[in-house]
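> Show me how the following folds:
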Amino acid sequence: MIKLLVVEDERNLCDFLGGFFKKQNYEVYTAYNGEDALKLIKNSRPHLVFLDIGLPGMSGMDVLARIREFDNTIKVIMVTGVQDKQKIEEATKLGASDYVTKPFTFDYLQNVALGKVHAQLFGDLRREVQEKELLYKEIEKKADELQKAYGKLAQTAVQALYALAKALEARDPYTHGHSESVTRYATWIGEKLRGKQGWENVTLDAGKILRNGGLLHDLGKIGIVDGILNKPGKLTEEEWAQVKEHPGKGAHILEGVDEFKEYALVARYHHERWDGKGYPDGLKGKKIPNGARVLAVADAYDAMTSDRPYRKAGTPIEAAKELLKCKGTQFDPEPVDAFIIALKEHNILTEEDVKKLEE
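Here you go, the predicted model:
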């Protein structure tokens with residue numbers, strides 16, 4: 001509520017003014033002299049003071065000067081009994097906002113004095129609102145400019161990471177096209193699981209995560225030397241330890257771009273196992289994010305059906321048998337079953353192949 005202080009030595013008039021302003025829904029304080037007025041101002045901090053110039057003792061001018069020293073944001077309307085231009089000018093120089101003359105009639109209070117009070121109290125508020133509106137527009141303009149700049153920067157980061165993923169595959173002729181293949185298979189699995197119980201979050205947005213997570217899931221291998229990455233024989237324990245670091249390294253790279261934070265989860269956990277014996281964190285069962293469980297199946301299938309330095313590619317049915325053999329241990333059973341159906345629908349497995357798998 002807006003606070004208003006009436007300072008008037010004529011008690012009847014002071015009380016009358018106090019009652020009048022209370023009816024206008026102001027929180028009203030009254031004082032009959034300057035000393036009491038200053039105490040009320042310090043304790044209650046009114047928004048506006050209705051101040052008589054001709055106070056006994058400490059004059060209205062002295063009170064005005066003290067108010068300005070204490071808080072120059074308080075509005076002060078001077079009350080004068082005569083049209084004394086010199087005093088009015090002096091009060092204005094001291095910081096008075098306006099003045100009214102007495103004796104008061106009710107009409108004068110209603111139509112003139114109250115209007116001046118409202119003008120002082122709400123004029124600043126209007127200006128503040130207008131200034132804030134201008135500020136908000138300027139902020140919106142700057143935010144729009146920043147958003148556009150951020151968009152360009154983010155797009156550059158996105159392009160750089162995709163280029164990095166391509167550069168990684170170019171280092172290893174055996175994995176050329178691996179990310180695209182994994183992405184395609186993961187998307188097929190996601191389409192079959194969408195809407196099933198426990199897979200409600202596999203939405204179109206999740207499809208985007210699977211696609212981009214698939215393309216970037218092996219990004220952490222950029223830190224593995226070619227001699228290990230392309231080694232034709234069995235890896236040593238030390239070399240295998242380095243390879244096992246790639247999910248965490250890839251996630252760390254992806255987390256640096258806001259748009260890729262969800263993809264980082266897929267990258268980090270795509271080598272976790274359903275039975276909890278995977279890496280890097282040994283997550284088990286449904287504690288592994290859905291996208292990573294899907295990608296694990298797609299990644300393993302593509303690895304088994306692609307040439308590697310240490311072996312030739314297996315056939316689709318051989319890879320499918322291995323997936324079925326490992327479901328419930330290495331893989332979540334649901335993505336495996338969904339993938340077998342998808343492979344048949346995409347004519348990679350025949351009806352006869354599926355029957356053999358079921359035997």
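> Every contact and neighbour count from this point should use C-alpha atoms.
OK.
> domains for the protein, by residue range?
For the chain, automatic domain parsing gives the domain ranges 3-128, 172-358.
> Dump those domains to JSON lines, plus mean neighbour count, distance to residue 152 and mean pLDDT.
JSON lines is the format used below for the domains of the chain (neighbours: other CA atoms under 10 Å; distance: least, CA to CA, whole Å; pLDDT from 0 to 100):
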{"stretch": "domain 3-128", "mean neighbour count": "17", "distance to residue 152": "36", "mean pLDDT": "83"}
{"stretch": "domain 172-358", "mean neighbour count": "19", "distance to residue 152": "13", "mean pLDDT": "85"}
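> would you turn these into a markdown table with distance to residue 147?
What follows is the domains of the chain, written out as a markdown table (distance: least, CA to CA, whole Å):
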| stretch | distance to residue 147 |
| --- | --- |
| domain 3-128 | 28 |
| domain 172-358 | 13 |
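> quick one, phi/psi of residue 27?
The phi/psi pair for residue 27 (degrees, to the nearest 10) reads phi -90, psi 110.
> Would you mind measuring from the residue nearest to it when sequence neighbours are not counted to residue 282?
Nearest residue to residue 27 in three dimensions, chain neighbours excluded: residue 3, at 4.7 Å (CA to CA, 6 or more residues apart in numbering). Using CA to CA, to the nearest Å, residue 3 is found at 65 Å from residue 282.
> one step back: quick one: which of the domains of the chain is nearest residue 135?
Each of the domains of the chain has some distance to residue 135 by CA to CA; the shortest is domain 3-128, at 10.2 Å.
> rewinding a little: so for residue 148, which of the domains of the chain sits nearest?
Judged by CA to CA, the one of these that comes nearest to residue 148 is domain 172-358, at 14.7 Å.
> starting at the chain centroid, how far to the closest one?
Distance of domain 172-358 from the chain centroid (CA atoms, centre = their mean, to the nearest Å) equals 31 Å.
> Could you report the distance from residue 235 to residue 243?
For residue 235, the distance to residue 243 - CA to CA - is 9 Å.
> Oh, that last question was meant for residue 301, not what I typed.
According to CA to CA, residue 301 stands 19 Å off from residue 243.
> cool, and residue 253?
In terms of CA to CA, residue 253 sits 16 Å off from residue 243.
> again, but for residue 296
Counting by CA to CA, the gap from residue 296 to residue 243 is 16 Å.
> Need the residues that contact the helix or strand hosting residue 50.
Here residue 50, judged by DSSP states H and E, is contained in strand 48-52. The contact list for strand 48-52 (CA atoms under 8 Å, 6 or more residues apart in numbering) reads 3-9, 60, 74-80, 117, 121.
> hmm, 7 Å instead?
Contact partners of strand 48-52, identified using CA atoms under 7 Å, 6 or more residues apart in numbering, comprise 3-8, 60, 74-80.
> Helices of the stretch 251-359 of the chain, start to end?
261-269, 290-304, 316-326, 333-345, 351-358 (DSSP state H, counting those that start in this stretch).
> which other helices and strands contact the longest one?
Contacts defined by 3 or more CA pairs under 7 Å, 6 or more residues apart in numbering; DSSP states H and E place helix 290-304 against helix 178-193, helix 261-269, helix 333-345.
> residues in contact with that helix?
178, 181-182, 185-186, 189, 210, 214, 266, 269-271, 313-314, 319, 331-332, 335-336.
> could you redo the last one with a cut-off of 8 Å?
Contacts for helix 290-304 (CA under 8 Å, 6+ apart): 178, 181-183, 185-186, 189-190, 199, 206, 209-210, 214, 265-267, 269-272, 313-315, 319-320, 323, 331-332, 335-336.
> now the third one
By CA under 8 Å, 6+ apart, the surrounding residues in contact with helix 316-326 are 297, 301, 304, 305, 331, 336, 337, 340, 348, 349, 353, 357.
> what would these look like in CSV with distance to residue 222?
Shown next, in CSV, are those (distance: CA to CA, whole Å):
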residue, distance to residue 222
297, 22
301, 22
304, 22
305, 23
331, 26
336, 29
337, 32
340, 32
348, 31
349, 34
353, 37
357, 37
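> one step back: can you say which of the domains of the chain is nearest to residue 145?
Closest approach to residue 145 among those (CA to CA): domain 172-358, 18.3 Å.
> Hmm, residue 216 and residue 180 touching each other?
No: using CA atoms under 8 Å, residue 180 is not in contact with residue 216; the gap is 9.5 Å.
> Spit out the contact partners of residue 72.
Contacts for residue 72 were tallied using CA under 8 Å, 6+ apart; they are residue 95.
> and the nearest residue to residue 334 once chain neighbours are set aside, what does it touch?
Nearest non-adjacent residue to residue 334, counting by CA to CA, 6+ apart: residue 193, 7.9 Å away. Each residue near residue 193 by CA under 8 Å, 6+ apart is listed here: 199, 202, 334, 335, 338.
> Repeat that for residue 71.
Counted by CA under 8 Å, 6+ apart, residue 71 has zero contacts.
> Name the secondary structure element that contains residue 76.
strand 75-80.
> Could you give the separation of that strand from the chain centroid?
Taking CA atoms, centre = their mean, one finds strand 75-80 lying 49 Å from the centre of the chain it belongs to.
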